[in-house]
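> just a sequence and a predicted model for now, questions to come.
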Amino acid sequence: MPKEIGFTTNQIHAGEDESSSATPIYQSATSFGGYLRGGNPTLEAFENKMLALEGGKAAVSTACGMAAVSQTLLALLKPGDRVLCHQTVYYWTTELMTSVLPKFGVQVEMIDMTDLTVLQEALSTETSVVYFEPLANPKLDVIDTEKAIALAKKAGAVVVVDNTYLSPYLLRPLTLGADIVVHSATKFLCGHGDALAGIVIAAESEYGEMVSRSRNIFGGILSPMNAFLLLRGIKTLSMRMDRHCSNAQSVAEFLDAHPHVNRVFYPGLTSSPGHKIAKAQWQGFGGMVSFEVDGQERLTNFLEGIELCKPWVSLGDVGTLAIGQGGPNRVRMSVGLEDVDDITRDIGQALGT
Ligand SMILES: Cc1ncc(COP(=O)(O)O)c(C=O)c1O
């Protein structure tokens, strides 16, 4: 037996009640004397599985990704604190940063962390929290996670990383020194578009206790049924991510050669900004592709014309999803697990070729 258990073995076995082929759903509001808002055995199985996959000392599951983000930041921050956040993060995270936290006396600066000199300069003023997504929604900016964490830690800040787009199979920010990782588990972790969920994984148990208390106060608790669906989805995470990556690479190359596509953003293309960092730090380039078509009418026709691919929000599902997002004439595509020729054929017909 190898000394260290492999990722795929952990995604299947870690955290599970191994006396059953699937961990039971403890649906009750009170189990073993504990009240569900504080956690229960089905939630703990999901949390322990994520601990095995991300590393760290404590994990707290939440109702959805935004519950993970908001309950973490509300646990960490107090009036007078300062937060540095990358300038493009998930829409509702931006709203939390720019319109909610300031109401509680927290100063937030949205900065371009793809340029580490900007981060370094901003860190010369005292900073409580540094927050970013290594592959940033919706424009697919790539952030040098290793260097950004090192700079932030040196300046004494707590580093919170939203790892939704990559999953622990492709990047494990805690191993690079991050203090807290959050996920919208609704996406690649779940993988099937059938449950909203979130998770917070902390390098130190002290942060875990703070976020667990915050969950008890704000109430963003995961439902036991969704924890069960997450346990099931994660069992195939590595296989799904491999296929997301290879399909997305093929789709990006197909788009790159397409006459109606002006530009393609995919970290797996050598022409994409961030390719070198992604290659050095990640185990694969992910399932998200962003591209710009040659005009507004083309964008509308594309989104109305796709048949196999769905014009829906969310990402990380088994099926391919596409929306207009990230700038003028830009499409954000979450490349699914279908036969890749079927995906490119659908894209081709919707682009009008
Ligand atoms: C990067 C990222 N973080 C957080 C969220 C919020 O997650 P949820 O929809 O599960 O609340 C999303 C949702 O799209 C996301 O893309």
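Thanks, I have the structure now.

> give me the most central residue, this protein.
Geometric centre of the chain, nearest residue: Thr164, 0.7 Å, by Cα atoms, centre = their mean.

> what about it, distance to Thr320?
Distance, Thr164 to Thr320, by Cβ to Cβ, to the nearest Å: 18 Å. Every residue, glycine included, has its C-beta placed from N, CA and C.

> do the same with Leu101
Distance from Leu101 to Thr320, by Cβ to Cβ: 35 Å.

> what does Val83 give?
In terms of Cβ to Cβ, Val83 sits 35 Å off from Thr320.

> quick one: which of the two has more around it?
Higher neighbour count among Val83 and Thr320: Thr320, with 28 against 23, using other Cβ atoms under 10 Å.

> quick one: pLDDT of the more buried one?
At Thr320, the pLDDT value in this model is 98.

> so which residues on the chain come close to the ligand?
64-66, 69, 90, 133, 137, 162, 164-165, 184, 186, 196, 198 (Cβ under 6 Å from any ligand atom).

> how does it look with 8 Å?
Proximity of the chain to the ligand (Cβ under 8 Å from any ligand atom) is limited to residues 63-69, 89-93, 133, 136-137, 162, 164-165, 182-187, 196-198, 313-315.

> tell me the buried residues within those.
63-69, 89-90, 93, 133, 136-137, 162, 164-165, 182-187, 196-198, 315 (16 or more other Cβ atoms under 10 Å).

> now, which of these lie within helices?
In this view, those that belong to helices under DSSP state H are Gly65, Met66, Ala67, Ala68, Val69, Thr93.

> what is the most widely separated pair among those?
Farthest apart among those by Cβ to Cβ are Ala67 and Thr93. That separation is 12.0 Å.

> enumerate every residue touching whichever residue of the stretch 1-150 of the chain sits closest to the ligand.
At 2.2 Å from the ligand, Gly65 is the closest residue in the stretch 1-150 of the chain, using Cβ to the nearest ligand atom. With contact set as Cβ atoms under 8 Å, 6 or more residues apart in numbering, Gly65 has these partners: Tyr90, Asp162, Thr164, Val182, His183, Ser184, Ala185, Thr186, Lys187, Leu196, Ala197, Gly198.

> where do the strands sit along the stretch 201-350 of the chain?
261-265, 288-293, 321-324, 330-334 (DSSP state E, counting those that start in this stretch).

> so how many other residues sit close to Gly219?
12.

> show me where the stretch 101-250 of the chain has helices.
Along the stretch 101-250 of the chain, counting by DSSP state H, counting those that start in this stretch, helices occupy 116-122, 145-154, 167-170, 205-218, 224-234, 237-256.
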